[in-house]
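Visitor: Need the 3D shape of this:
(2 chains)
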Protein chains: 2
Amino acid sequence: MEENVRYDPKALRVFMERVFLHFGIPENDARLATDVLAYSDEHGIDSHGIARLKTYYGLLRAGRINPKPRVKLIREKHAVVQVDGDNGLGLVVGPKCMDIAIEKAGNYGSGSVAVCHTNHFGAAGYYPLMAVKHDFIGMAMTNTSKGVAPFLGKERMLGTNPVAMAFPADKEPTVLMDFASSTVAYGKVEIARRAGKKIPEGWCLDANGDATTAPEKMINGGALLPLGSSREGSGHKGYCLAGMVDILSAVLSGANWGPFAIPFAIDTVGGGRQVGKGIGHFFSAWDVDGFREVGEFKQEMDQWVKTLRASIPLPGEAEVLIPGDPEWRSYRERTKSGIPLQGEVVADLKAIAQETGIAMPHRTS
Amino acid sequence: MEENVRYDPKALRVFMERVFLHFGIPENDARLATDVLAYSDEHGIDSHGIARLKTYYGLLRAGRINPKPRVKLIREKHAVVQVDGDNGLGLVVGPKCMDIAIEKAGNYGSGSVAVCHTNHFGAAGYYPLMAVKHDFIGMAMTNTSKGVAPFLGKERMLGTNPVAMAFPADKEPTVLMDFASSTVAYGKVEIARRAGKKIPEGWCLDANGDATTAPEKMINGGALLPLGSSREGSGHKGYCLAGMVDILSAVLSGANWGPFAIPFAIDTVGGGRQVGKGIGHFFSAWDVDGFREVGEFKQEMDQWVKTLRASIPLPGEAEVLIPGDPEWRSYRERTKSGIPLQGEVVADLKAIAQETGIAMPHRTS
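Guide: This next block holds a predicted model:
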């Protein structure tokens, strides 16, 4: 297996920012988009960071994303807003919409933003963490292009539609939940195919709707399964969750919902019929102080974390983790030792460097 | 297997209301509590309706629930409120809190209520449907007493913590999601034990933390698994969902969270250490009109429903269902043919009838 090489996190940020600036994206927006992507790499979410720069690059080069979007409030009622993202990068539209939700929560105790006409926004977990900086509770979700079958269905009808929430604690780290509503992300199936490995039962269907453990059978016209997988595993619950995310993000905002969501990849044929604008996200923030004295809440969160962490692990497992632990561990390790990049990702960056004349980031190993 | 007998839905409502009035519960509150329980029976959620009257009855008789609660707003910031349920029936406190969330959404576009010092509130789906009557989107969740192991843990630390949401449509039925964050409810394990049947893998652990298909091994000191079940099935996602519900419902409201949640059953030993008051619920409502013209949204929801319903089912399956379909089908069938009750439930009702002197409801079959 190919050895990963490590890169300095700051150098990767500089590289990404220059790529965004190359397309005339305003400086503040380029910094914002970079921060969202870097968040993923620095927190161990390899699938959503610089590994996707190639795709954003391709979409910008093809003129399929607006480098200078004017994010517009279309409709508003005190604490809630509908926004048009003007076909900007989700990495830029997303943080601006979360800021609106936070401002609304500051004024009204809670705020929600449904945004259409936007694009892939990176890792969902980035957004609720913006709210936590204000001692607010944050929530973010997005619809994505179709890949998941509905419960008892065989066609790709919904995206992997993730949900993320974060809660501030006092001395303990922030509690962060960030997960797709499918059993696994498409990326895991691709990784298995590249490695020539089988995938576990319960992840995928083939094109006939039969369960499969062969990754290529999902990729060639099959579908991912919703969280819970089967009737016995309560796959209807993952389907419900994916539906909630799709409706809040896309139907409520006026974006393309369900199977009509715009594909993220540049080389994929368009989503066919359009039922709205772009894809959609949904953001909410709640001011903890509106419910309960903030210090008290955060101390109680510390107790919550400690209580679950102290519970007995399964035989053979080291410990019970708290949601967010994997992210904070990666962050500590990677900001010290650098970001490991796969050879394939490095090759993509080199190609971008060559095309744009931007210097490659330097390695730390 | 024992034949179910059917009862007239209205007669069951009269019986339940009289039982609540028997304990001095005010007339309006008795009608409210009855409506919540009857919702479950009339919509096919047998586990959460009159089958639980015995437990509510026992708790009221033992003086463990306040029959005349004064639901108090403790803290408020425009759209968000913390409420103390004064140890009332969740069936009474719940609807009153959802009403507050709806009122807030009417004034501010969204509203959220976190309530502590309350008790089991019946089926979560009842509450978002209250919001849908106003063309709002509704959400409800509650923590419940411990029964579920955290991901990679073996101890019961969290409840089955359900989430429900509902979305108004135009000509199509309301879309309703209502599901627990565990793979299955405890009730399903009990049913298997009574029937002497094995349970599927992925539902439960035994007291040692090993996977088990023997229901009695879960019941005797084992635990339910979070949605997703295993590492391969992404059980960490069900754990995340259960954690979100627990924190919003109980930590934010000042209720007993995690393993400290007050047990529902009368014959269970108390929750031990108290870290708050009662259990907690969390309700939110969003005014669709704050985001998008309501008629347009509802017509788009119709399209959403039709599109998913028209997708191809798995081999051997009749159709792809829309979340809420099972409830609406049960409703049509049961309001015509009566509510089927198990012999055990009928025996419980007879015992209550005898003790209180309230006449048994009449059968329809």
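Visitor: For chain A, which residues score under the pLDDT cut-off?
Guide: Counting by pLDDT under 70, the ranges of chain A that qualify are A:1-3, A:265-272.
Visitor: I'd like to know how far the residue nearest the centre of it sits from A:C97.
Guide: In chain A, the C-alpha nearest the mean C-alpha coordinate belongs to A:A123, at 2.5 Å (Cα atoms, centre = their mean). As judged by Cβ to Cβ, to the nearest Å, A:A123 and A:C97 stand 15 Å apart. Bear in mind the C-beta positions are built from the backbone N, C-alpha and C, glycine included.
Visitor: Repeat that for A:E232.
Guide: 39 Å.
Visitor: try A:W304
Guide: 29 Å.
Visitor: repeat for A:G88
Guide: Distance from A:G88 to A:C97, by Cβ to Cβ: 11 Å.
Visitor: Contacts made by stretch A:322-339 with the rest, please.
Guide: By Cβ atoms under 8 Å, 6 or more residues apart in numbering or on different chains, the residues outside stretch A:322-339 that reach it are A:6-9, A:12, A:41-45, A:49-50, A:125, A:166, A:172-178, A:305, A:308-309, A:340, A:363-365, B:236, B:239-240, B:243.
Visitor: A:E232 and A:C97: who's more crowded?
Guide: A:C97 (28 against 16; other Cβ atoms under 10 Å in any protein chain shown).
Visitor: pretty sure the more buried one is in contact with A:G280, am I right?
Guide: No. Using Cβ atoms under 8 Å, A:C97 is not in contact with A:G280; the gap is 10.3 Å.
Visitor: Find the residues that touch each one of the two.
Guide: By Cβ under 8 Å, 6+ apart, the residues touching both A:C97 and A:G280 are A:V115.
Visitor: What is the burial count for the closest residue to chain B within the stretch 251-365 of chain A?
Guide: Going by Cβ to the nearest Cβ, chain B is nearest to A:G290 of the stretch 251-365 of chain A, at 3.2 Å. A count of nearby residues for A:G290, using other Cβ under 10 Å, gives 24.
Visitor: which residues of the stretch 201-350 of chain A fall in strands?
Guide: A:204-205, A:211-212, A:223-224, A:279-287, A:339-341 (DSSP state E, counting those that start in this stretch).
Visitor: I'd like to know which of these is closest to B:A255.
Guide: The minimum distance between B:A255 and these falls on strand A:279-287, with 16.5 Å, by Cβ to Cβ.
Visitor: so the closest one versus strand B:279-287, what angle?
Guide: If you take axes from the mean of the first three to the mean of the last three Cα atoms, to 10 degrees, strand A:279-287 sits at 130 degrees to strand B:279-287.
Visitor: Which residue ranges of chain A form helices?
Guide: Ranges of helices within chain A are A:9-22, A:27-42, A:53-61, A:90-108, A:126-132, A:186-195, A:215-219, A:235-246, A:294-309, A:325-337, A:343-356, based on DSSP state H.
Visitor: And the third one, what does it pack against?
Guide: This means helix A:53-61. Helix A:53-61 sits against helix A:9-22, helix A:343-356, with contacts defined as 3 or more Cβ pairs under 8 Å, 6 or more residues apart in numbering or on different chains; DSSP states H and E.
Visitor: Give me the contacts around it.
Guide: Here helix A:53-61 makes contact (Cβ under 8 Å, 6+ apart) with A:16, A:19-20, A:23, A:25, A:33, A:37, A:65, A:67, A:89, A:91, A:119-120, A:264-267, A:348-349, A:351-352.
Visitor: And the buried ones among these, selectable in ChimeraX?
Guide: Buried subset of these, written as a ChimeraX selection, criterion 16 or more other Cβ atoms under 10 Å in any protein chain shown:
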select /A:16,19,20,23,25,33,37,65,67,89,91,119,120,264,348,349,352
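Visitor: List, out of the contacts of helix A:53-61, those positioned next to chain B.
Guide: Applying Cβ under 8 Å from any Cβ of the partner chain, the subset of those adjacent to chain B is empty.
Visitor: and the nearest residue to A:G221 once chain neighbours are set aside, what is it in contact with?
Guide: Using Cβ to Cβ, 6 or more residues apart in numbering or on different chains and skipping residues adjacent in sequence, the residue nearest A:G221 is A:A207, 3.6 Å away. Residues in contact with A:A207, defined by Cβ under 8 Å, 6+ apart, are A:217, A:220-222.
Visitor: Buried ones from those residues, can you make that a ChimeraX selection?
Guide: Only the buried entries of the contacts of A:A207 go into this ChimeraX selection, using 16+ other Cβ under 10 Å:
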select /A:217,222
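Visitor: List the contacts of A:A261.
Guide: By Cβ under 8 Å, 6+ apart, A:A261 lies in contact with A:143-146, A:159, A:250, A:255, A:271, A:279.
Visitor: Give the burial count for the closest residue to it other than its chain neighbours, as a bare number.
Guide: Excluding its sequence neighbours, the residue lying closest to A:A261 (Cβ to Cβ, 6+ apart) is A:S145, at 4.7 Å. Residues lying near A:S145 (other Cβ under 10 Å) number 21.
Visitor: what's the answer for A:K277, then?
Guide: 20.
Visitor: isn't A:A114 right up against A:K77?
Guide: No. With contact defined as Cβ under 8 Å, A:A114 does not reach A:K77; the gap is 11.8 Å.
Visitor: Can you check which residues contact both of the two?
Guide: Shared contacts of A:A114 and A:K77, counting by Cβ under 8 Å, 6+ apart, come down to B:F291.
Visitor: Between the two, tell me which one has more neighbours.
Guide: Taking other Cβ under 10 Å, A:A114 and A:K77 do not tie; A:A114 has more neighbours (30 against 19).
Visitor: bridging residues for that one?
Guide: A:Q82, A:F282 (DSSP bridges).
Visitor: Could you list the residues of the stretch 1-150 of chain A in contact with chain B?
Guide: Counting by Cβ under 8 Å from any Cβ, the stretch 1-150 of chain A sits next to chain B at A:75-82, A:107-112, A:114, A:137, A:150.
Visitor: hmm, 6 Å instead?
Guide: A:77-80, A:82, A:108-110, A:112, A:114, A:150 (Cβ under 6 Å from any Cβ of the partner chain).
Visitor: and the most far-flung residue of chain A relative to its centre, what is it in contact with?
Guide: No residue in chain A sits farther from the centre than A:P315, which is 32.1 Å out by Cα atoms, centre = their mean. If you count contacts by Cβ atoms under 6 Å, 6 or more residues apart in numbering or on different chains, A:P315 has them with B:G209.
Visitor: still on that earlier bit, look up how far B:G254 lies from the closest residue to the residue of the stretch 251-365 of chain A closest to chain B other than its chain neighbours.
Guide: Closest residue in space to A:G290, ignoring its immediate chain neighbours: B:K77 at 3.2 Å, by Cβ to Cβ, 6+ apart. Distance, B:K77 to B:G254, by Cβ to Cβ: 15 Å.
Visitor: Repeat that for A:K198.
Guide: 49 Å.
Visitor: the more surrounded of these two?
Guide: Using other Cβ under 10 Å as the criterion, A:K198 and B:G254 rank with B:G254 on top: 27 against 11.
Visitor: which phi and psi does the more buried one have?
Guide: phi 90, psi 30 (degrees, to the nearest 10).
Visitor: Correct me if wrong: it contacts B:G276.
Guide: Yes. Using Cβ atoms under 6 Å, B:G254 is in contact with B:G276, at 5.0 Å.
Visitor: Quick check: neighbours shared by those two?
Guide: Once Cβ under 6 Å, 6+ apart is applied, the residues that B:G254 and B:G276 both contact turn out to be B:C116.
Visitor: Generate a PyMOL selection restricted to the buried subset of the contacts of stretch A:322-339.
Guide: Entered in PyMOL, the line below selects the buried ones among the contacts of stretch A:322-339, by 16+ other Cβ under 10 Å:
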select buried, (chain A and resi 7+8+9+12+41+42+43+44+45+49+50+125+166+172+173+174+175+176+177+178+305+308+340) or (chain B and resi 236+239+240+243)
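Visitor: Not counting sequence-adjacent ones, nearest residue to A:L252?
Guide: In space, and not counting its chain neighbours, A:L252 is closest to A:A114: 4.4 Å by Cβ to Cβ, 6+ apart.
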